[in-house]
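Colleague: Got a sequence here, can you build the structure:
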Amino acid sequence: MNVKKILTNKLVFMCLISANIVFSQDLKKIPLNNKLQVLNGKAFFIFPHQAKNEARGTSIMAAPKNMETETRIICDFKEKRVVFFAQELFKIGTHSLFEEVSKGNNEILTYSRKILTNKDSIYSILSTPINPKEGESGMLVNKLIVKVQDGTLFEIMAYISPQAYPEKEKYMEFTENVFKTLSKGNRTINLKPRTENISLEMNHQYNIHLPANYSYTVDLTHDFKVTNFYKYTDYNTKSSEITFYSGSYPSSFARKYKKPGIPTKGFFLKQEIEWYLYENDQSILKEVIISYEDNTDLHIAITTEDKTNLEELTKIVESIKFLN
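Modeller: Numbers count the residues shown, from 1 in each chain. Now for the predicted structure:
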């Protein structure tokens, strides 16, 4: 799984299907009176009263979408729909954030940009497409990069359904007005160096030392658990993460790597293991699957776009201690 989490149109526009009919009004006259949180309290925005938080659907084999990594807010106006989609970027904002965002790395569209918020420890940059692209299922009309009080970044994007295309300029104005209501949340991310006791498996605790600028998320179902550790880096810098999957039938991350993995000796819980190392032009994967007598597996995968981080990531894994 790539930390950048760059969503394709196919994924994002799934949320534009089957709109519920509410009512139609002049967008300029619609009051914003419905305060909703994004990313489990990382920030708040004020929407029209009919707006609702509705997570993207998942298959029965997948864990529900993590509230700390993505939020989908749906707002319907008769047959027209606006979707606000927020996602954690696993990045840290610096004093030169506007310049970094303006570089437009890996962007397909061209944007006009401005600082929208700069108060109460909150800073945001609005990017509006100069020539919005009319997709089959939806159109991006605005996006906002937000730096919150702990220095971390998230992005919230606004899409409209095809029925709203003829009024795209009005929806650009409407979504910008929603973005202007941004306020500070009550959830912050701990990026200090620390040691934590974490349950990587269903019934076992481990002691893990995390260097500065690391955080983690947990996804849990009745029969498997996924713990992802993310290294927060500056905007436009390369990403790194560690994934622990505990359950049955783990899937290797190596499918996107054309060359076979190179076996490499290592250690986990003081036992010798054999990592497999994969590499392509974009990233490096180092993974191992450890099978247990109870027919469960522990899949450990280190993924990084920066080869210089591989040693630090490996050390985090190999220094883990079993508690109980």
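
Colleague: What distance do you get for Ile125 to Tyr111?
Modeller: 10 Å (CB to CB, to the nearest Å). C-beta here means a position set from N, CA and C on the backbone, and glycine is covered the same way.

Colleague: hey, where'd the helices end up in this protein?
Modeller: Defined through DSSP state H, the helices belonging to the chain, from first to last, are 9-12, 97-102, 168-179, 310-318.

Colleague: Quick check: which of those is buried the most?
Modeller: With neighbours taken as mean count of other CB atoms under 10 Å, the helices of the chain reach their highest mean count in helix 168-179, at a mean of 18.

Colleague: In terms of secondary structure, what does that helix contact?
Modeller: Counting contacts by 3 or more CB pairs under 8 Å, 6 or more residues apart in numbering; DSSP states H and E, the secondary-structure elements packed against helix 168-179 are strand 43-47, strand 80-92, strand 122-129, strand 139-147, strand 152-160.

Colleague: quick one: buried residues of the shortest one?
Modeller: Meaning strand 43-47. For strand 43-47, burial by neighbour count (16 or more other CB atoms under 10 Å) applies to Ala43, Phe45, Ile46, Phe47.

Colleague: Same question for the third one.
Modeller: Residues Ile122, Tyr123, Ser124, Ile125, Leu126, Ser127, Thr128, Pro129 are the ones in strand 122-129 that count as buried (16+ other CB under 10 Å).

Colleague: I figured the fourth one was touching Asn118, is that so?
Modeller: Looking back up the chat, that one is Ile125. No: in this structure, Ile125 is not within contact of Asn118 by CB atoms under 8 Å, at 9.7 Å.

Colleague: And for the spatially closest residue to Lys258 that is not a sequence neighbour, the neighbour number?
Modeller: Distances taken as CB to CB, 6 or more residues apart in numbering place Asn280 nearest to Lys258, at 6.9 Å, with adjacent residues excluded. Residues near Asn280, counting by other CB atoms under 10 Å, number 11.

Colleague: nearest residue to Ala254 other than its sequence neighbours?
Modeller: Counting by CB to CB, 6+ apart, Tyr278 is the residue found nearest to Ala254 once chain neighbours are left out, at 5.0 Å.

Colleague: Contacts only, for that neighbour.
Modeller: Contacts for Tyr278 were tallied using CB atoms under 8 Å, 6 or more residues apart in numbering; they are Ala254, Tyr257, Lys259, Gly261, Ile262, Ile284, Leu285, Lys286, Glu287.

Colleague: Show me how the protein divides into domains.
Modeller: According to automatic domain parsing, the chain comprises the domains 9-184, 194-322.

Colleague: and the longest one, how far out from the chain's middle?
Modeller: Taking the mean C-alpha point of domain 9-184 and that of its whole chain, the gap between them comes to 13 Å (CA atoms, centre = their mean, to the nearest Å).
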